[in-house]
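[1] sequence unknown, structure follows:
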């Protein structure tokens, strides 16, 4: 007898429906076809034990299972429940007239209990698109899938619950989540707050500008100056995620199995990979491509601590994603694209010893050592970082102050107001939402300068030996400063402040 059961495969952040055809005939043998990987080929042992421990069995007949489309590579253990239900219905051990109305996924343990799967959210979205009545999956993933409206989602703990539902009509508990209500309820602030930071008022101002315009930023300072502390607090002043951004971000984290019980993500991601990371782990890839750190940072912050310690080749692969805000991974048979619109925050010591131009330091670095250290970061990568700021150690007087600084809540209000101005300004542009995304053409339109401001910028570039690449960056940052002050025009004061944020372009740093 032939029966069909439906599962799903995830490629990139999109799902593809897989039809599992089970045919049982006279003879002996178990044949699984349709490009399954080793985890799927081993499923017959897990299925046999799970069925036996729940009062059923794999029949001693000729079983042919085809996973269609047959030319598409399937991977992972999430098809165990799909295959098991196909075998049970095809061998007439249970009746299941409405089996084809559901999409069924889950990894089986030997006792029949279910283990969580990856990609539950994109699978649920695809199930709704293709008109399935419901989605049956492990209880651990049910909140994640229930985000999708218009689809009945059932979380189960054991295969016996699924069998009783189809064979005996015993009801399963449907999980219903009001997505918008759940999202708004969880819009609280992260545990890190800018009020914890003593002193560093100029750096806080710089971080506010970066957050308001979506600018990439690099912090340069000696050990213990507070670079990491400041970077960790950046997400707390970014505007709250929209529902669309939250769904987009949750989809990516769902693909790598990082969502589970949390449901819809309401906080912007903050990723901080170690400097030993490989280029594949950073941008994504592998034999079966998975999202990398830059995609897991989508709509959030990617923090690279001690930037010169990263391998140069690893940093160079970020150049294209920083520009295009997506990363495309190509293989012989398919291509997947992951979104990667993130804010890059990097930190570094000014020299190998960490103490550049510090007369009190017992350790100094020679000019040759300095140049070798700083040359680990390429010019094209620095070209994509709008703001360079020096972080100086906090004096004792500031550290010992009882008075708390301005809270993240207050800073976030100003940032959100500035972002709304930018959203309105770039309303007609498809891929531009904030100042950091402006092209050269848009800079010429929205960052027009008066003659006095032009002269100020010209003088600064000549006297401070600023590079040509700093020109556009200064204009972008100036536009953001003007937006924070709700100014229609970019004024000389905005230009002069933006000029301060190009430390690495000055003579004496990178030449």
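    Arrived safely. As the structure is a prediction and not an experimental result, all values here were calculated from the model.
[2] List the pairing partners of whichever strand in the chain runs longest within its sheet, with orientation.
    For the chain, the longest strand by residue count, based on DSSP state E, is strand 14-25. When pairs are called by DSSP bridges, strand 14-25 turns out to pair with strand 2-11 (antiparallel), strand 62-68 (antiparallel).
[3] what does the longest one contact?
    Residues from elsewhere that reach strand 2-11 (Cβ atoms under 8 Å, 6 or more residues apart in numbering): 15-23, 72, 74-75, 78-79, 82-83, 85-86, 89-90, 99-100, 102-105, 118-119, 122-123, 126-127, 132, 255, 334, 336. Heads up, the C-betas are built off the backbone N, CA and C, glycines and all.
[4] and the helix or strand where residue 327 lies, how far from the chain's centre?
    Element membership for residue 327, per DSSP states H and E: strand 326-330. The chain centroid and the centroid of strand 326-330 are separated by 14 Å, computed with Cα atoms, centre = their mean, to the nearest Å.
[5] And stretch 94-112, by the same measure?
    32 Å.
[6] One more: stretch 193-202?
    27 Å.
[7] three-state assignment of residue 496?
    Secondary structure, DSSP: H, G, I helix; E, B strand; the rest coil: residue 496 is helix.
[8] Is it in contact with residue 459, as I believe?
    No: Residue 496 is not in contact with residue 459 according to Cβ atoms under 8 Å; the separation is 10.3 Å.
[9] quick one: which of the two has more around it?
    More crowded of residue 496 and residue 459, by other Cβ atoms under 10 Å: residue 496, with 16 against 11.
[10] Relative to residue 5, how far out is the residue nearest to the spatial centre of the chain?
    Centroid-nearest residue in the chain: residue 296, 2.2 Å away (criterion: Cα atoms, centre = their mean). Distance of residue 296 to residue 5, computed by Cβ to Cβ, to the nearest Å: 32 Å.
[11] now the helices for the stretch 351-500 of the chain?
    Here the stretch 351-500 of the chain has its helices, by DSSP state H, counting those that start in this stretch, at 367-374, 379-382, 396-399, 408-425, 440-446, 451-463, 470-484, 492-499.
[12] what's the longest one packed up against?
    Packing contacts for helix 408-425, counted by 3 or more Cβ pairs under 8 Å, 6 or more residues apart in numbering; DSSP states H and E, involve helix 201-213, helix 470-484.
[13] Can I get those in a markdown table including mean neighbour count?
    Listed next are the helices and strands packed on helix 408-425 as a markdown table, based on neighbours: other Cβ atoms under 10 Å:
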| stretch | mean neighbour count |
| --- | --- |
| helix 201-213 | 22 |
| helix 470-484 | 24 |
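[14] Tabulate these (CSV), appending distance to residue 420 and mean pLDDT.
    What follows is these, written out as CSV (distance: least, Cβ to Cβ, whole Å; pLDDT from 0 to 100):
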stretch, distance to residue 420, mean pLDDT
helix 201-213, 10, 93
helix 470-484, 9, 92
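[15] could you dump those to TSV with distance to residue 60?
    Output for the helices and strands packed on helix 408-425, formatted as TSV (distance: least, Cβ to Cβ, whole Å):
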stretch	distance to residue 60
helix 201-213	65
helix 470-484	71
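[16] Got phi/psi on the nearest residue to residue 160 once chain neighbours are set aside?
    Closest residue in space to residue 160, ignoring its immediate chain neighbours: residue 54 at 4.9 Å, by Cβ to Cβ, 6 or more residues apart in numbering. Per-residue torsions, residue 54: phi -120, psi 20 (degrees, to the nearest 10).
[17] Please report how far residue 54 lies from residue 92.
    Distance from residue 54 to residue 92, by Cβ to Cβ: 17 Å.
[18] picking that back up, parallel or antiparallel, which strands does the strand holding residue 327 pair with?
    So strand 326-330, judged by DSSP bridges, has these partners: strand 335-339 (antiparallel).
[19] Would you pull up how far whichever helix or strand comes after the strand it pairs with lies from the middle of the chain?
    Next helix or strand after strand 335-339 toward the C-terminus (DSSP H and E): strand 343-348. Remark: strand 343-348 is offset 16 Å from the chain centroid, using Cα atoms, centre = their mean.
[20] pLDDT averaged over strand 343-348, what's the number?
    Averaging pLDDT along strand 343-348 gives 94.
[21] what do you get for stretch 240-259?
    In the prediction, stretch 240-259 has an average pLDDT of 89.
[22] Point out where this structure drops to low pLDDT.
    For the chain, applying pLDDT under 70 flags the ranges 182-191, 260-262, 353-367, 396-400, 402, 468-469, 503-511.
[23] can you count the residues close to residue 49?
    Applying other Cβ under 10 Å, I find that residue 49 has 16 neighbouring residues.
[24] With residue 291 instead?
    Using other Cβ under 10 Å, residue 291 has 26 other residues around it.
[25] so what's it up against?
    13, 252, 255, 256, 284, 338.
[26] same check, this time on residue 487
    residue 494 are the contacts of residue 487 under Cβ under 8 Å, 6+ apart.
[27] before we move on, what about residue 479?
    Neighbouring residues of residue 479 by Cβ under 8 Å, 6+ apart: 213, 435, 438, 443, 446, 447, 490, 494.
[28] How about the contacts made by the closest residue to residue 201 other than its chain neighbours?
    Closest residue to residue 201 apart from its sequence neighbours, by Cβ to Cβ, 6+ apart: residue 405 at 7.6 Å. Contact analysis of residue 405 by Cβ under 8 Å, 6+ apart lists 194, 195, 196, 197, 198, 201, 204.
[29] and the gap between the last one and residue 394?
    This points to residue 204. The gap separating residue 204 from residue 394 is 12 Å, by Cβ to Cβ.
[30] Who does the closest residue to residue 122 other than its chain neighbours form a beta bridge with?
    Distance criterion Cβ to Cβ, 6+ apart; nearest residue to residue 122, sequence neighbours excluded, is residue 15 at 4.4 Å. When bridges are called by DSSP bridges, residue 15 pairs up with residue 10.
[31] ok so, going back, buried ones only from the contacts of residue 291, please, as a PyMOL command.
    For the buried members of the contacts of residue 291, the matching PyMOL selection, counting by 16 or more other Cβ atoms under 10 Å, is:
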select buried, resi 13+252+255+284+338
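[32] Make CSV from the contacts of residue 291 and add distance to residue 59 to it.
    Putting the contacts of residue 291 into CSV (distance: Cβ to Cβ, whole Å) gives the following:
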residue, distance to residue 59
13, 39
252, 41
255, 35
256, 37
284, 42
338, 43
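[33] closest to residue 62 among the contacts of residue 291?
    Nearest to residue 62 out of the contacts of residue 291 is residue 255 (Cβ to Cβ; 36.3 Å).
[34] Verify the contact between the closest one and residue 13 for me.
    Yes: using Cβ under 8 Å, residue 255 makes contact with residue 13 at a distance of 5.9 Å.
[35] any shared contact partners between the two?
    Taking Cβ under 8 Å, 6+ apart as the criterion, residue 255 and residue 13 both touch 122, 291.
[36] mind listing the helices for the stretch 101-250 of the chain?
    Using DSSP H, counting those that start in this stretch, helices in the stretch 101-250 of the chain cover 120-129, 142-145, 159-168, 179-185, 201-213, 227-232, 243-255.
[37] Redo those helices as TSV? Include distance to residue 344.
    Below are the helices of the stretch 101-250 of the chain laid out as TSV (distance: least, Cβ to Cβ, whole Å):
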stretch	distance to residue 344
helix 120-129	26
helix 142-145	28
helix 159-168	45
helix 179-185	26
helix 201-213	10
helix 227-232	11
helix 243-255	17
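[38] check contacts around residue 289.
    Taking Cβ under 8 Å, 6+ apart, we find residue 289 in contact with 12, 329, 331, 336.
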